[in-house]
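Participant: quick one, what's the 3D model for this:
(4 chains)
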2 protein chains.
Amino acid sequence: MSLAKDRPTTRTKRLPREVRERQILDAAVTVFSQHGYHAASMDEISEVAGISKPMIYAYLGAKEELFAACIHREATRMLTAVVGGIEAGQPPDVQLWHGLRSFFGFVGEYRESWRVLHRQSLTQGGPFTAEVMSMRQRAITLVAAVLMRTGSDEGIGEAASQSGEALAAALVGAGESLADWWLDHPEETAGAIASRLMNLVWLGFGNLVEGKVWRPPPSQK
Amino acid sequence: MSLAKDRPTTRTKRLPREVRERQILDAAVTVFSQHGYHAASMDEISEVAGISKPMIYAYLGAKEELFAACIHREATRMLTAVVGGIEAGQPPDVQLWHGLRSFFGFVGEYRESWRVLHRQSLTQGGPFTAEVMSMRQRAITLVAAVLMRTGSDEGIGEAASQSGEALAAALVGAGESLADWWLDHPEETAGAIASRLMNLVWLGFGNLVEGKVWRPPPSQK
DNA sequence: GCAACTACCTACTCTGGAGTAAGGCTACGG
DNA sequence: CCGTAGCCTTACTCCAGAGTAGGTAGTTGC
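Facilitator: Numbering: from 1, shown residues only, chains lettered A, B, ... in the order given. This next block holds a predicted model:
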């Protein structure tokens, strides 16, 4: 839980704004991830951050803005990690594989970030919904792009090309759900989880039944 | 939106408890689905239900209990619909296909139910989480059972048999996510959506690229 | 007709928690 | 060593909304 690593225990004094903002955001992610947006209180966040409430308002604004800032930071982190894991020159299945690995790696390392992104943020109603929606859309678009590149390279089947975005949505959802499932079954490694999904999505269940298995190419480090 | 069909406009008087409970639950599902658990107010629910607040407390108890009752009713409805759509004698891919059709059919018909089940209920913190978790687990178990029957019938591949539940979780998540996507792209039919997922999950993306398509057997009505 | 019961309402209480007013302390430039 | 700017706190205000007290009006049974 690397977010908590340098959380202040004894109240440190007179730190520069930059540092405080980071501490506040870290605390906010923790608390939001535990209780959800509405049930989280500014008092608790301030306490966890080791600072008084008015500072939060001074630096990050009201509760809604604070939440939006959390979403924004964590989503950017996650997308950066996933995009960074993909190598442009590789064939599409390898790209997808690396993307999945990066994704599950991120979820494993930053559980709180993941919780706040996925579990809390769907609950519509707040204006921050915009922030979440846009991030989700970015993810789907990214996946769709990888899938579609497959299509244009190899002369895609009609069923797939018509529905790239829908399939991407399904895949993203499968990934999210599997990530949640993983939280309750932590004995698996990120690679194993990624591999399961890769097999399902690339070969399909019908092929799995016949014993076919997709494997990453040996070149991978 | 069939839940709203017999909502009272002019305050009707002295109805039997049974009827009122139904009205209250309908109203609660609507309001919870719009605002989420915390943001929904008992005042608004009572207003939508066309009854005063103390009646809600008298009949369905406090807010938490009311929410749990909503989840329970809607989840049961949904699972009943899905299970009812599956015919025991059929081969596994057909069973899966019918299950998916029933699921998306339900989501299309009872959008509010779906919203309250999926979007609102993951936000942990309340004790009602138990209710939701159990329903979700039931769904995953059901799917896993269908998938595993495939395995035992045909001598399953090792990769698939080890991970039935994980694959089921992925499939359920893909379904959920696709259902959400559908809410934003309502021009598709339930059958089309179900078909997309069926193809992805049964054939896999690799096969789709080669132009293969899974089709329901002609026997279907 | 009257007891007992059910359906139902108005009009509160009270608490949690968002957001703020008002000022104190430290550092640093001049 | 004084002013100004930035860091930080205590101690509030205020309101939405959960939950309730206490009472009225039909209805049913005898």
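Participant: burial count for the closest residue to A:Arg149 other than its chain neighbours?
Facilitator: In space, and not counting its chain neighbours, A:Arg149 is closest to A:Pro92: 5.5 Å by CB to CB, 6 or more residues apart in numbering or on different chains. (C-beta placed from N, C-alpha, C; glycine too.) The tally of other residues near A:Pro92 (other CB atoms under 10 Å in any protein chain shown) stands at 20.
Participant: verify the stated contact: A:Pro92 with A:Ala144.
Facilitator: No - counting by CB atoms under 8 Å, A:Pro92 stays clear of A:Ala144, with 12.0 Å between them.
Participant: and stretch A:21-39, what's buried?
Facilitator: The neighbour-count check on stretch A:21-39 (16 or more other CB atoms under 10 Å in any protein chain shown) flags A:21, A:23-39 as buried.
Participant: quick one: is that stretch near DNA strand D?
Facilitator: No - applying CB under 7 Å from any atom of the strand, one finds stretch A:21-39 separated from DNA strand D by no less than 9.0 Å.
Participant: mind exporting that stretch as PDB, just the C-alpha atoms?
Facilitator: As requested, the backbone C-alpha atoms of stretch A:21-39 are provided in PDB (Å, rounded to 0.1, in the frame of the first residue of the first chain):
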ATOM      1  CA  GLU A  21      -1.400  18.900  -1.500                       C
ATOM      2  CA  ARG A  22       0.100  15.500  -2.200                       C
ATOM      3  CA  GLN A  23      -0.500  14.400   1.400                       C
ATOM      4  CA  ILE A  24      -4.100  15.600   1.200                       C
ATOM      5  CA  LEU A  25      -4.700  13.800  -2.100                       C
ATOM      6  CA  ASP A  26      -3.100  10.600  -0.700                       C
ATOM      7  CA  ALA A  27      -5.400  10.700   2.400                       C
ATOM      8  CA  ALA A  28      -8.400  11.500   0.300                       C
ATOM      9  CA  VAL A  29      -7.800   8.500  -2.000                       C
ATOM     10  CA  THR A  30      -7.500   6.300   1.100                       C
ATOM     11  CA  VAL A  31     -10.600   7.500   2.700                       C
ATOM     12  CA  PHE A  32     -12.800   7.700  -0.400                       C
ATOM     13  CA  SER A  33     -11.700   4.200  -1.300                       C
ATOM     14  CA  GLN A  34     -12.800   2.900   2.100                       C
ATOM     15  CA  HIS A  35     -16.100   4.600   2.500                       C
ATOM     16  CA  GLY A  36     -17.100   5.900  -0.900                       C
ATOM     17  CA  TYR A  37     -17.800   9.500  -1.800                       C
ATOM     18  CA  HIS A  38     -20.800  10.400   0.300                       C
ATOM     19  CA  ALA A  39     -19.900   8.400   3.400                       C
END
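Participant: average pLDDT for that stretch?
Facilitator: Stretch A:21-39 shows a mean pLDDT of 93.
Participant: about what we covered before: just the ones of the buried residues of stretch A:21-39 in helices?
Facilitator: Mapping these onto helices (DSSP state H) picks out A:21, A:23-35.
Participant: quick one, what contacts the residue nearest to A:His118 when sequence neighbours are not counted?
Facilitator: Distances taken as CB to CB, 6+ apart place A:Glu176 nearest to A:His118, at 5.6 Å, with adjacent residues excluded. Shown in contact with A:Glu176 (CB atoms under 8 Å, 6 or more residues apart in numbering or on different chains): A:His118, B:Gly173, B:Ser177.
Participant: next up, the contacts around A:Leu60.
Facilitator: A:Glu21, A:Ile24, A:Leu25, A:Ala28, A:Leu66, A:Ala69.
Participant: these two touch, right, the third one and A:His72?
Facilitator: No - between A:Leu25 and A:His72 no contact is recorded; they are 9.8 Å apart, counting by CB under 8 Å.
Participant: first-to-last residue distance for stretch A:174-192?
Facilitator: 15 Å (CA to CA, to the nearest Å).
Participant: buried set for that stretch?
Facilitator: Across stretch A:174-192, burial judged by 16+ other CB under 10 Å covers A:Ala174, A:Gly175, A:Glu176, A:Ser177, A:Leu178, A:Ala179, A:Asp180, A:Trp181, A:Trp182, A:Glu188, A:Ala190, A:Gly191.
Participant: how about those in JSON lines, adding distance to A:Glu47 and secondary structure?
Facilitator: Shown next, in JSON lines, are the buried residues of stretch A:174-192 (distance: CB to CB, whole Å; DSSP: H, G, I helix; E, B strand; the rest coil):
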{"residue": "A:Ala174", "distance to A:Glu47": "38", "secondary structure": "helix"}
{"residue": "A:Gly175", "distance to A:Glu47": "34", "secondary structure": "helix"}
{"residue": "A:Glu176", "distance to A:Glu47": "31", "secondary structure": "helix"}
{"residue": "A:Ser177", "distance to A:Glu47": "33", "secondary structure": "helix"}
{"residue": "A:Leu178", "distance to A:Glu47": "34", "secondary structure": "helix"}
{"residue": "A:Ala179", "distance to A:Glu47": "29", "secondary structure": "helix"}
{"residue": "A:Asp180", "distance to A:Glu47": "28", "secondary structure": "helix"}
{"residue": "A:Trp181", "distance to A:Glu47": "32", "secondary structure": "helix"}
{"residue": "A:Trp182", "distance to A:Glu47": "30", "secondary structure": "helix"}
{"residue": "A:Glu188", "distance to A:Glu47": "35", "secondary structure": "coil"}
{"residue": "A:Ala190", "distance to A:Glu47": "33", "secondary structure": "helix"}
{"residue": "A:Gly191", "distance to A:Glu47": "38", "secondary structure": "helix"}
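Participant: with that, I have no additional questions.
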